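1. Pasting the sequence and the predicted coordinates here, then a few questions.
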Amino acid sequence: MDLNSASSIVLQVLTQATSQDTAVLKPAEEQLKQWETQPGFYSVLLNIFTNHTLDVNVRWLAVLYFKNGIDRYWRRVAPHALSEEEKSTLRAGLIANFDEPVNQIATQISVLIAKVARLDCPRQWPELIPTLVESVKIHDDLRQHRALLTFYHVTKTLASKRLAADRKLFYDLASGIYSFTCSLWNHHTDTFFQQLGTADETAISNSLERTLLSLKVLRKLTVQGFVEPHRNIEVMGFLHAAFERLKQFLECSRNIEVDNVCRDRLEKIIILFTKVLLDFLDQHPFSFTSLIQRSLEFAVSYVFTEAGEGVVFERFIVQCMNLIKMIVKNYAYKPSKNVEDSSPETLEAHKIKASFFTYPTLTEICKRLVTHYFLLTEEELTMWEEDPEGFTVEETGGDSWKYSLRPCTEVLFIDIFHEYNQTLTPVLLDMVHSLQGPTNVDDTQTLLIKDAVYNAVGLAAYELFDSVDFDQWFKTQLLAELQVTHNRYKPIRRRVIWLIGQWISVKFKSDLRPMLYEAICNLLQDQDLVVRIETATTLKLTVDDFEFRTDQFLPYLESMFTLLFQLLQEVRECDTKMHVLHVLSCMIERVNMQIRPYVGCLVQYLPLLWKQSEEHNMLRCAILTTLIHLVQGLGADSKNLYPFLLPVIQLSTDVSQPPHVYLLEDGLELWLVTLENSPCLTPELLRIFQNMSALLELSSENLRTCFKIINGYIFLSPSEFLQVNAVELCKSFCEILKDITTEGQVQVLKVVENVLKVNPVLGPDMFQPLLPSVFRGIISGERYPVVMSSYLGIIGRVLLQNKSFFSLLLNQMACEFGQEPDMLLGHVIEMWVDRMDNITQPERRKLSALALLSLLPSDNSIIQDKFCGIINVSVEGLHDVMTEDTETKTFKDCMLMSVSEEPKVTEEEEPPTEQDKRKKMLALKDPVHSVSLQQFVYEKLKAQQELLGEPGFQALMETVDTEIVTQLQDFLQGF
């Protein structure tokens with residue numbers, strides 16, 4: 001590419017690519033895409049974005065294309081990689097001048113230099129760091145800033161490399177430039193403080209920006225640049241100096257108004273100092289030991305004493321609290337139970353902590369946390385009034401404590417209380433005792449303090465287990481507080497019901513549940529929405545608890561359900577609706593069938609809510625979960641929900657519809673539960689099965705549920721279902737079996753076995769294409785026991801229940817193997833007898849005995865040859881299934897089932913679903929459960945004896961081990 005002529009062409013196309021007109025934009029983008037791999041293209045881009053006379057948008061685009069090119073084509077091994085010559089020219093051009101006037105483009109250039117540095121520095125680009133070090137000394141403001149910006153991005157990128165060789169290079173770099181970076185930072189910081197006295201705002205702002213950038217570089221070097229930073233005097237010198245500098249900046253912020261341009265940068269610098277300390281503590285806890293005392297003194301004085309008044313701001317408080325929390329909770333500072341096992345560094349750190357956290361200090365921290373930081377703020381109280389639902393969806397959980405003040409204070413309280421609970425428990429209990437009895441509704445301050453103290457008791461519930469008689473407190477005070485209905489008392493009503501929720505799984509006597517349910521019913525009618533939502537949360541915790549008893553709950557079920565349903569309709573926000581739905585779901589799940597009389601209203605409302613939540617997939621997931629529990633609760637009556645239920649399942653499990661990404665897992669679960677509880681197959685329920693073939697192709701983690709669904713259809717209406725879907729299913733299964741895990745193989749074979757169970761006559765024909773591979777698996781001695789067991793189960797059913805089909809299959813396989821059918825049958829029997837131990841399920845073991853015995857009586861020499869093996873399997877089967885009646889001293893087959901046998905359902909157990917009933921009816925027809933093995937063995941041996949005559953039969957019996965014959969005679973006594 002000739003640079004000059006190419007530049008004008010590329011410039012023209014780049015200009016077109018910045019156009020708003022699609023007709024101009026699209027061809028230009030296509031052209032640029034084609035040029036990406038052309039030699040010289042990136043040199044042209046460099047010329048364009050370093051030419052400050054050109055249009056900013058064009059230059060911006062040139063930088064972006066250059067940056068993307070580095071990602072794709074800079075590595076030597078990349079396809080269409082740039083030549084070493086061009087890369088060398090580009091590297092030199094990138095650091096020739098640091099004079100980019102536009103901030104956004106300057107940042108992008110710094111980032112792309114850093115990207116090249118990640119790949120080439122220092123080996124192919126040794127001059128980069130020396131050039132940057134020289135450039136940040138220049139007195140030209142613009143160049144100095146741009147060089148410093150690049151210096152930061154390069155350091156940040158090199159620090160992020162993780163391979164050992166790269167770490168070593170970064171350590172060398174850090175020790176080489178640390179001293180210079182420290183003096184650079186000090187210089188810019190001093191300049192800033194000197195200029196503060198002047199009125200030159202631009203100069204002050206520029207100095208502050210350079211201070212920020214040089215501190216960012218120092219942060220990366222300090223945290224990532226040394227293996228043992230405590231051995232480096234300069235590093236520790238910088239960290240100790242950081243506290244003094246921080247105080248300077250904090251004091252300086254006292255005089256800078258919030259709307260001042262410098263205020264934002266000043267706060268960024270203050271936060272950056274705290275990040276240096278937090279990162280250093282996180283990466284090098286033992287190197288931090290000498291800083292523990294100073295860090296705690298600093299953080300505690302600013303956050304928990306008057307020293308911080310007028311200077312601290314929220315983000316800074318959060319950082320200081322996190323610093324205290326990380327020191328308190330740091331495992332490196334906790335001695336082992338056996339002190340001799342602890343390292344000297346750990347003991348030293350523990351000693352410093354112990355000397356700092358004295359009784360007065362801990363008491364003050366605890367009191368300030370509760371009575372100052374836990375108090376509901378003006379903003380929160382306003383939000384409570386103006387946006388109650390927004391107020392209830394608090395930022396909790398996850399990492400919110402790292403950034404938000406309330407979660408941060410609560411997590412700090414929990415950690416400090418856990419670490420020093422013996423000291424702090426009496427302090428907190430004193431605060432509780434000072435607030436006994438109802439509080440005057442006009443005393444707002446005391447109400448807020450009571451709210452805060454109760455919050456602390458809830459957060460520390462596990463620690464206070466032995467110190468608080470919660471049951472007594474509930475009866476004598478908390479219940480009474482819930483009954484104060486005044487509007488101004490609502491913070492206490494909300495907090496008390498929350499507090500009970502925190503203690504319910506810690507310590508709450510079962511006998512008190514009815515009193516609590518009564519209180520919950522009343523609070524669900526509270527005039528305040530926040531109180532009602534909080535009550536719903538506690539209800540969920542109560543119902544979800546291990547000690548929940550349905551009988552205690554039933555008297556309140558109707559009113560609870562009605563009130564929750566009203567709440568569900570009333571709330572407007574998606575998150576709140578989801579929350580209330582989860583409470584309802586949980587309740588329906590726990591009371592199961594008992595919910596039936598009350599669900600009419602919910603059943604009518606859910607279709608409307610589903611329609612309204614078209615844009616909110618997470619709310620739809622909550623609706624699906626509710627429907628799952630609802631169908632389980634309604635049992636066969638769930639058929640009345642089909643007009644709504646089946647379209648919901650159809651949409652959720654249709655992989656061609658975008659929402660399936662969110663809804664599929666719950667949708668499949670709902671589909672399965674619907675089938676399990678369905679009294680009969682409807683055309684609509686059958687039609688949904690059209691979604692299945694695409695789901696099987698997905699072969700995702702949901703396959704197991706898909707197979708359960710297929711089984712559900714097979715049990716529900718075998719003839720109707722298989723008539724329509726057998727061919728398609730068989731095809732899908734043959735595909736799946738080519739590439740699936742062992743567990744998946746077993747799942748597929750289980751479905752085939754179920755088909756043979758429900759329809760022994762037509763089943764083998766329907767799945768004929770799949771059976772040869774099963775046969776082959778047996779002959780070749782499948783190495784996975786679970787798969788072999790499944791193979792034998794399938795062939796056992798065909799042999800026992802469909803002799804004519806088995807003969808056809810045997811002949812087909814004999815042709816394939818080029819053997820006589822009888823010889824092949826002999827191999828099958830031999831393998832079967834040999835691998836009998838692979839079969840662990842008693843049902844399949846009995847099935848094997850029945851199937852092999854069904855080959856008798858026979859005068860076929862091959863079968864007579866295997867007679868000993870068949871008897872061995874039969875006796876093993878008898879051992880598995882026969883139980884001795886101690887009174888009559890006779891044996892009976894324990895697998896035989898009769899219609900009259902109704903299993904007793906205890907209160908703990910789930911009542912049988914419709915599918916359970918169908919399986920029971922199927923079992924009654926299954927030879928495994930309807931044929932006595934003892935009787936069958938006797939009849940088959942008798943028939944064999946009659947066929948061969950006594951001498952021939954005796955000769956056959958002599959091939960069997962005498963011990964086995966004795967056992968057989970014991971089992972057959974009385975015949």
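-> Okay, I see it. Numbering: from 1, shown residues only.

2. Sticking with residue 883, tell me its helix or strand.
-> For residue 883, the enclosing helix or strand under DSSP states H and E is strand 882-885.

3. buried ones in that strand?
-> residue 882 (16 or more other CB atoms under 10 Å). Placement of C-beta: from N, CA and C, glycine included.

4. strand partners of that strand, parallel vs antiparallel please.
-> Strand 882-885 has its sheet partners listed here by DSSP bridges as strand 890-893 (antiparallel).

5. now the longest helix seen in the chain: mean pLDDT?
-> Across the chain, the helix with the greatest residue count (assigned by DSSP state H) is helix 164-195. Averaging pLDDT along helix 164-195 yields 92.

6. nearest spatial neighbour of residue 442, skipping sequence neighbours?
-> Distances taken as CB to CB, 6 or more residues apart in numbering put residue 488 closest to residue 442, at 7.4 Å, once the chain neighbours are dropped.

7. now the helices: where do they sit in the stretch 601-750 of the chain?
-> Secondary structure of the stretch 601-750 of the chain (DSSP state H, counting those that start in this stretch): helices at 617-634, 642-652, 660-676, 683-687, 692-698, 703-716, 718-738, 742-758.

8. out of those helices, nearest to residue 85?
-> helix 660-676 (47.8 Å; CB to CB).

9. neighbouring contacts of that closest one?
-> For helix 660-676, contacts defined as CB atoms under 8 Å, 6 or more residues apart in numbering pick out 617-618, 620-621, 624-625, 627-628, 631-632, 638, 645-646, 648-649, 651-655, 685, 688, 695, 702, 705-706, 708-709, 712-713, 716, 913-915.

10. among these, which ones are buried?
-> Using 16+ other CB under 10 Å, the buried ones in the contacts of helix 660-676 are 617, 620-621, 624-625, 627-628, 631-632, 638, 645-646, 648-649, 651-654, 685, 688, 695, 702, 705-706, 708-709, 712-713, 716, 913-915.

11. Skip the chain neighbours and tell me the closest residue to residue 524.
-> Closest to residue 524 by CB to CB, 6+ apart is residue 563, at 3.8 Å.

12. just for this protein, where's the confidence low?
-> 1-4, 258-259, 394-398, 699, 888, 900-909 (pLDDT under 70).

13. rerun that using 80 as the cut-off
-> For the chain, residues meeting the criterion pLDDT under 80 lie at 1-6, 197-200, 255-261, 339-341, 394-401, 699-700, 884-891, 898-911, 974-975.

14. Dump the helices of the stretch 601-750 of the chain into JSON lines; add distance to residue 23 as well.
-> Below are the helices of the stretch 601-750 of the chain laid out as JSON lines (distance: least, CB to CB, whole Å):
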{"stretch": "helix 617-634", "distance to residue 23": "36"}
{"stretch": "helix 642-652", "distance to residue 23": "38"}
{"stretch": "helix 660-676", "distance to residue 23": "34"}
{"stretch": "helix 683-687", "distance to residue 23": "46"}
{"stretch": "helix 692-698", "distance to residue 23": "38"}
{"stretch": "helix 703-716", "distance to residue 23": "47"}
{"stretch": "helix 718-738", "distance to residue 23": "46"}
{"stretch": "helix 742-758", "distance to residue 23": "51"}
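
15. And residue 245, how close does it get to residue 208?
-> To residue 208, residue 245 is 13 Å away according to CB to CB, to the nearest Å.

16. out of these two, which sits in the busier spot?
-> residue 208 (24 against 19; other CB atoms under 10 Å).

17. Test my guess that the more buried one contacts residue 193.
-> No: between residue 208 and residue 193 there is no contact under CB atoms under 8 Å: 10.3 Å.

18. Please report the distance of residue 526 from residue 112.
-> Taking CB to CB, one finds residue 526 at 59 Å from residue 112.

19. So between the two, which is more surrounded?
-> Neighbour totals were compared for residue 526 and residue 112, and residue 112 leads with 24 against 19 (other CB under 10 Å).

20. what sits against the more buried one?
-> Here residue 112 is in contact with 63, 66-67, 70, 94 (CB under 8 Å, 6+ apart).

21. Please apply the same query to residue 224.
-> Residue 224 sits next to 159, 170, 174, 283 when contact means CB under 8 Å, 6+ apart.

22. Apply 10 Å and report the result again.
-> Each residue near residue 224 by CB atoms under 10 Å, 6 or more residues apart in numbering is listed here: 155-156, 158-161, 167, 170-171, 174, 279, 283.

23. Mark which of those residues are buried, thanks.
-> The neighbour-count test (16+ other CB under 10 Å) marks 155-156, 158-159, 167, 170, 174 as buried among those.

24. for the residues you listed, which one is nearest residue 754?
-> residue 167 (57.7 Å).

25. Thought residue 445 was touching residue 375, still the case?
-> Yes: contact criterion CB atoms under 10 Å: residue 375 and residue 445 qualify, at 8.7 Å.

26. More neighbours: which of these two?
-> Per other CB under 10 Å, whichever of residue 375 and residue 445 has more neighbours is residue 375, with 16 against 10.

27. So what does the more buried one look like in phi/psi?
-> Main-chain dihedrals, residue 375, degrees, to the nearest 10: phi -60, psi 140.

28. Name all residues that make contact with it.
-> Contacts here follow CB under 10 Å, 6+ apart; on that basis residue 375 touches 381, 445, 448-449, 451-452, 455.

29. Now the buried members of these.
-> 448-449, 451-452, 455.

30. TSV for these, including distance to residue 518 and secondary structure?
-> As requested, those are exported to TSV (distance: CB to CB, whole Å; DSSP: H, G, I helix; E, B strand; the rest coil):
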residue	distance to residue 518	secondary structure
448	28	helix
449	28	helix
451	23	helix
452	27	helix
455	24	helix
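
31. and which of the residues you listed is nearest residue 338?
-> Set against residue 338, the nearest of the buried ones among the contacts of residue 375 by CB to CB is residue 455 (37.2 Å).

32. ok, now how distant is the residue nearest to residue 524 from residue 604?
-> 17 Å.

33. between the two, who's got more neighbours?
-> residue 563 (21 against 10).

34. That one contacts residue 520, doesn't it?
-> Yes: counting by CB under 10 Å, residue 563 does reach residue 520; the two are 8.8 Å apart.

35. shared neighbours of those two, which are they?
-> Common neighbours of residue 563 and residue 520 (CB under 10 Å, 6+ apart) are 535-536, 539, 556.

36. which of these sit farthest apart?
-> Largest pairwise distance in those, by CB to CB, is 13.8 Å, between 536 and 556.

37. Between the two, which has more neighbouring residues?
-> Taking neighbours as other CB under 10 Å, residue 536 and residue 556 compare with residue 536 leading, 27 against 18.
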